[in-house]
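[1] starting from these lines, generate the structure:
(chains A and B)
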There are 2 protein chains.
Amino acid sequence: MTHETPKPDWIAVDLSRTPTRVWAMRADGSVLLHTTLPTLDDFHDWTCLAQQLKDAYPEDAKGKKFLFCGAHEIPETAVPCAIPKAKSVSVDNLELDLALLPGIRQEKPADLMQGDETRIAGFLVKEPQFDGILCQPGMRTSWAHISAEEVVSFRSFLTGELLDFLDQAEDTGFDEAALQAGLDDIMSRPAELSAALFTLRAEATLQGLSPDVTRARLMAVLIGAELSAARPYWLGQEVVIMGNADSDLIRAYEIALKAQGAMLRVVDADSALLAGMQKSYLQLTQSDDSA
Amino acid sequence: MTHETPKPDWIAVDLSRTPTRVWAMRADGSVLLHTTLPTLDDFHDWTCLAQQLKDAYPEDAKGKKFLFCGAHEIPETAVPCAIPKAKSVSVDNLELDLALLPGIRQEKPADLMQGDETRIAGFLVKEPQFDGILCQPGMRTSWAHISAEEVVSFRSFLTGELLDFLDQAEDTGFDEAALQAGLDDIMSRPAELSAALFTLRAEATLQGLSPDVTRARLMAVLIGAELSAARPYWLGQEVVIMGNADSDLIRAYEIALKAQGAMLRVVDADSALLAGMQKSYLQLTQSDDSA
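    Alright, predicted model coming up:
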């Protein structure tokens, strides 16, 4: 008897984060391999990515399902709605078994979610009765109101992107006391955001602030302004933060929300993503079987 | 008789803008030559720049005054204050006649001005009796309250820098009606800045907005949030915008302030800069003569 290297049954691709992430999956939802891909010019371009994957693994690609979440170019479903089901797609000259997980959109205020809805789906696999708020911090942060397995409404903020742009120091952690103090300040005067950003820079120069204090104050200004505008989402609600509990950004959101007295826990975002994609994989496979 | 090419008497260098700008000046304040320099790693590093200028013009540099505004590394004067006088400096191994125009600072709210104070000085040469607000839009925008030839207080905003970062389209002008509508919206809810930025991006995608409308709305969100926080500076005051009247940014500030009923005019920023530096040049020359 020889032991064969286990081969994947399907491939999960997350286009909603940079770099693009790929998992080689077994049918039972276990992960064989996890890797990242160099960022494409348009990292939502799943057609180009599918071609690259086929070129890279010509033997393995055939007959396997490729599931993409976070792709653009497909019609989103409007809220309030259940998480939309995956759609099989075909690309000319590319004999791959492809499916896309559509995003969701909101008309007023205009908003768009491409990828976060799959993490929500995965969270709901474990907790279908959940009634509350799922907050997903990242380059953009989304707040989604979930009830009866539907997304009722959501709101996105550019906080992470602005933080990334304005944080000129190397990643050095952050000072928690400075974060707390800064939060109180901005939440009492949220309209002062763009002045507060300059004040912070001037203070860093004039007072010789350390990088971890400067970073904490920057987080405070941006996260505090977000919490102020997102108050209807977290006030009196059960809030679940989806992310990596060890990351500075998630810790900062946790500290900021706890300081406001929010009911709060943190769950792992990648586990939720794979659970959401696995659910779609099983739905697609079952519909293949019944066809 | 032969006509000689006129030679400059002194050199004006503005380190407060990117790229760094240099003027070859006559003693009477007329401009012989205007050029820009490739941006240095630290564009406020006047020591390095002085060395480069000497290397580039070894014959011309000797015996000429070099005046720098916008330089870091020198103590700023705290407001309320008159515009500080230029300080002669020397650098080891560099036989140049150098002078720096110090910036001004504010303790609370912490703020720093390095370059704009020289444009204020130039404006005050022409209008020493001015009592009102000088607004200088740019990568950072400053609002300075001027009275009795002093800077009473000032406040800076990161509006231009954020606009530059978030405006992903090529420079295509902006739609004035969209600017007006967006201003009304953000000024009634200035705390929503970071949500409004994402809403704008989602609208651009979902509604297929043209680049000039998207850009106008982005300007509206950022400038509107700034005007909301800077209200004590422009409400009921005489406001002078210093800038290039043809630039999109200056026009947008003009439209936004006029919509708020502000008393307003626009003056040229570069003329003011050179008038401010010329004043310093004359002061330094006179003190040389009297020494």
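[2] contacting residues for the nearest residue to residue A:158 once chain neighbours are set aside?
    Using C-beta to C-beta, 6 or more residues apart in numbering or on different chains and skipping residues adjacent in sequence, the residue nearest residue A:158 is residue B:197, 4.6 Å away. Every residue, glycine included, has its C-beta placed from N, CA and C. Residues in contact with residue B:197 (C-beta atoms under 8 Å, 6 or more residues apart in numbering or on different chains) are A:157-158, A:162, B:166, B:218, B:221.
[3] next, the angle helix A:193-206 makes with the one helix or strand residue B:197 maps to.
    Counting by DSSP states H and E, the element that carries residue B:197 is helix B:193-206. Going by axes from the mean of the first three to the mean of the last three C-alpha atoms, to 10 degrees, helix B:193-206 is angled at 120 degrees with respect to helix A:193-206.
[4] count of neighbours near residue A:183?
    A count of neighbours around residue A:183, defined by other C-beta atoms under 10 Å in any protein chain shown, yields 26.
[5] tell me what the next helix-or-strand element following the helix holding residue B:197 is packed against?
    Next helix or strand after helix B:193-206 toward the C-terminus (DSSP H and E): helix B:211-229. With contacts taken as 3 or more C-beta pairs under 8 Å, 6 or more residues apart in numbering or on different chains; DSSP states H and E, helix B:211-229 sits against helix A:193-206, strand B:150-157, helix B:159-166, helix B:176-188, helix B:193-206, helix B:248-259.
[6] contact residues of the stretch 151-291 of chain A facing chain B?
    The stretch 151-291 of chain A comes close to chain B at residues A:155-159, A:162, A:165-166, A:190-195, A:197-199, A:201-203, A:205-207, A:222, A:225-226, A:228-230, as judged by C-beta under 8 Å from any C-beta of the partner chain.
[7] got the contact list for the nearest residue to residue A:153 once chain neighbours are set aside?
    Counting by C-beta to C-beta, 6+ apart, residue A:145 is the residue found nearest to residue A:153 once chain neighbours are left out, at 5.1 Å. By C-beta under 8 Å, 6+ apart, residue A:145 lies in contact with A:132-133, A:151-154, A:233, A:237.
[8] from the residues you listed, keep the buried residues only.
    Buried members of those, counted by 16 or more other C-beta atoms under 10 Å in any protein chain shown: A:132-133, A:151, A:153-154, A:233, A:237.
[9] would a markdown table of these with distance to residue B:51 be doable?
    Supplementary listing: the buried ones among the contacts of residue A:145 in a markdown table, determined by distance: C-beta to C-beta, whole Å:
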| residue | distance to residue B:51 |
| --- | --- |
| A:132 | 62 |
| A:133 | 58 |
| A:151 | 60 |
| A:153 | 60 |
| A:154 | 55 |
| A:233 | 55 |
| A:237 | 60 |
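[10] redo these as JSON lines? Include pLDDT.
    Formatted as JSON lines, these follow (pLDDT from 0 to 100):
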{"residue": "A:132", "pLDDT": "97"}
{"residue": "A:133", "pLDDT": "98"}
{"residue": "A:151", "pLDDT": "98"}
{"residue": "A:153", "pLDDT": "97"}
{"residue": "A:154", "pLDDT": "97"}
{"residue": "A:233", "pLDDT": "95"}
{"residue": "A:237", "pLDDT": "94"}
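[11] what's the longest helix seen in chain A packed up against?
    When chain A is parsed with DSSP state H, its longest helix is helix A:269-290. Judged by 3+ C-beta pairs under 8 Å, 6+ apart, helix A:269-290 is in contact with strand A:10-14, strand A:20-25, strand A:65-69, strand A:94-101, helix A:116-126, strand A:238-243.
[12] for the ones you listed, which one sits closest to residue B:121?
    strand A:238-243 (50.3 Å; C-beta to C-beta).
[13] the closest one packs against which elements?
    Looks like strand A:238-243 contacts helix A:116-126, strand A:132-136, helix A:248-259, strand A:263-268, helix A:269-290 (3+ C-beta pairs under 8 Å, 6+ apart).
[14] mean pLDDT lowest where, among these?
    Among the helices and strands packed on strand A:238-243, helix A:269-290 carries the lowest mean pLDDT, a mean of 91.
[15] just the angle between that helix and strand A:65-69, please?
    Interaxial angle, helix A:269-290 versus strand A:65-69 (the same axes, to 10 degrees): 130 degrees.
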